[in-house]
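Novice: predicted model follows, preceded by the sequence.
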Amino acid sequence: MGSCKDPKPNCGFIEGPIIVGAGPSGLAVAACLSNHGVPSLILEKSNCIASLWQHKTYDRLKLHLPKQFCQLPLIGFPEDFPKYPTKQQFINYMESYASHFSIKPRFNQAVQNAAFDSASRLWRVQTQDFEYISRWLIVATGENAEPVIPDIHGIDKFKGLIRHTSLYKSGKDFRNQRVLVIGCGNSGMEVSLDLCRNNATPHMVVRNTVHVLPTEMFGFSTFQIAMTLLKWIPVKLVDRILLLIANLTLGKTDQLGLRRPKTGPIELKAATGKTPVLDVGALSLIKSGKIKVVENVKEITINGAKFMNGQEKEFDSIILATGYKSNVPTWLKGCDFFTKEGMPRAPCPSCWKGSDGLYTVGFSRKGLSGTAYDAVEIAKDIADHWKTSKDCKSSVASCDSHVILLK
């Protein structure tokens, strides 16, 4: 990165932390900092807050957990929101949240490079047209920043439509089609359900083992029951209870081609971040044969796919329900706090703090409740330093949104 001594007026010192990402994680930590009287600046590559929710989710999406487990710090959901808010309700909540705390991200600022300058003891964050400098850098791009596109032999040959779930909106676009859905997680299941309800014929590829649990047990959220039990009994016993109830209510999923992992759902989530599927209706359609479960794909052909068992089928379209990944390694440089997969090396719950003023929020693999925890802890830690630090008396040309342009 260049020096702020360069003649170009595109370099500025940020009085508070720089936050990369204006999703729920970035908004949560900005709000908590504001509550401590600490200013911050959010850099967002898109043109809106919560761009993943606004632009890369399907229409029928609802929160899979009750709203009390998905609210951001300091302000909860409106009381009149349903137990499981819709996509648009969640977006409205985040927009209201940002407005309440006067959070005004700098949009269309794609971070290209961020590195710690050991000489000045400051973070230097370069976008396409500006360099931001601060004592603190908060990585809030999260676990789901970029879609995962699998490398499947022959995929370039297919003459039909191939679309990742980040671009899928509704099954209306696939009416009366035979659709191959690659992936059987929550997105794959829900997209298959949506396709069925729009008179498409989905064939869902099961690439790995998967835990399927009912969304609710005895009228209570399965997640709520699990969290309550974990306060009193070990995780392995909690998993046994959940699987016993799941087998009684849903039946043996192995018989449907959905083999369960040997590790229990909660233990697996904590160890790998792999979320169990919460059934919202797809399982009954699998049982009835309306959603076809197929083996892993060996090769994509011009008209369809060949499978590992030797079968070959024709399809009109392919949906990639293959998930998302972190993009941190593409822009955070000279730092070994993250793995090559873009996840913190430190185990939770201490994964929110690195060294030299580096913080992370939204990487705990605990969903929005983990994000809220991270945000609160980060704000407390930075606020302690903020109160004892001296005001920056750098040479000032002008100030806008806590950005001090340097001569």
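Specialist: Right, received. Where do you want to start? All values reported here derive from a predicted model rather than from experimental measurement.

Novice: how about G342, nearest residue that isn't a chain neighbour?
Specialist: Among residues not flanking G342 along the chain, S326 sits closest, at 2.8 Å (C-beta to C-beta, 6 or more residues apart in numbering). Every residue, glycine included, has its C-beta placed from N, CA and C.

Novice: check contacts around that neighbour.
Specialist: T141, G142, E143, N144, A145, E146, F338, E341, G342, M343, F363 (C-beta atoms under 8 Å, 6 or more residues apart in numbering).

Novice: what do you get if the cut-off is 10 Å, keeping everything else the same?
Specialist: For S326, the contacting residues are 139, 141-146, 332, 338-339, 341-344, 360, 362-363, by C-beta atoms under 10 Å, 6 or more residues apart in numbering.

Novice: go on, E95?
Specialist: Counted by C-beta under 10 Å, 6+ apart, E95 has contacts L27, C48, I49, A50, Q54.

Novice: which of these are buried?
Specialist: L27, I49, A50, Q54 (16 or more other C-beta atoms under 10 Å).

Novice: leaving out the residues flanking it, which one is nearest to the spatially most central residue of the chain?
Specialist: Centroid-nearest residue in the chain: N144, 3.5 Å away (criterion: C-alpha atoms, centre = their mean). Nearest residue to N144, sequence neighbours excluded (C-beta to C-beta, 6+ apart): Y324, at 3.6 Å.

Novice: ok, now G362?
Specialist: S25 (3.2 Å).

Novice: over to L161?
Specialist: Using C-beta to C-beta, 6+ apart, the closest residue to L161 is S317 (4.4 Å).

Novice: now the helices for the chain?
Specialist: Ranges of helices in the chain, per DSSP state H, are 24-35, 51-55, 87-100, 186-196, 222-230, 235-250, 265-272, 282-288, 367-388.

Novice: as TSV, the ones you listed with mean pLDDT and distance to R124 would be great.
Specialist: Converted to TSV, those look like this (pLDDT from 0 to 100; distance: least, C-beta to C-beta, whole Å):
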stretch	mean pLDDT	distance to R124
helix 24-35	96	19
helix 51-55	93	25
helix 87-100	96	26
helix 186-196	95	37
helix 222-230	88	41
helix 235-250	93	42
helix 265-272	86	34
helix 282-288	94	47
helix 367-388	91	18
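
Novice: and these: which comes nearest K157?
Specialist: helix 186-196 (22.6 Å; C-beta to C-beta).

Novice: what is that closest one packed up against?
Specialist: strand 178-182, strand 201-205, strand 277-279, helix 282-288, strand 317-320 (3 or more C-beta pairs under 10 Å, 6 or more residues apart in numbering; DSSP states H and E).

Novice: out of those, nearest to M227?
Specialist: Once the helices and strands packed on helix 186-196 are compared by C-beta to C-beta, strand 277-279 is nearest, at 14.0 Å.

Novice: which other residues reach the closest one?
Specialist: Contacts of strand 277-279 (C-beta under 10 Å, 6+ apart): 64-65, 184-190, 193, 210-216, 221-223, 246, 249-250, 253, 258, 265, 283, 286.

Novice: can you flag the buried ones in those residues?
Specialist: 64-65, 184-190, 193, 210-216, 221-223, 246, 250, 253, 258, 265, 283, 286.
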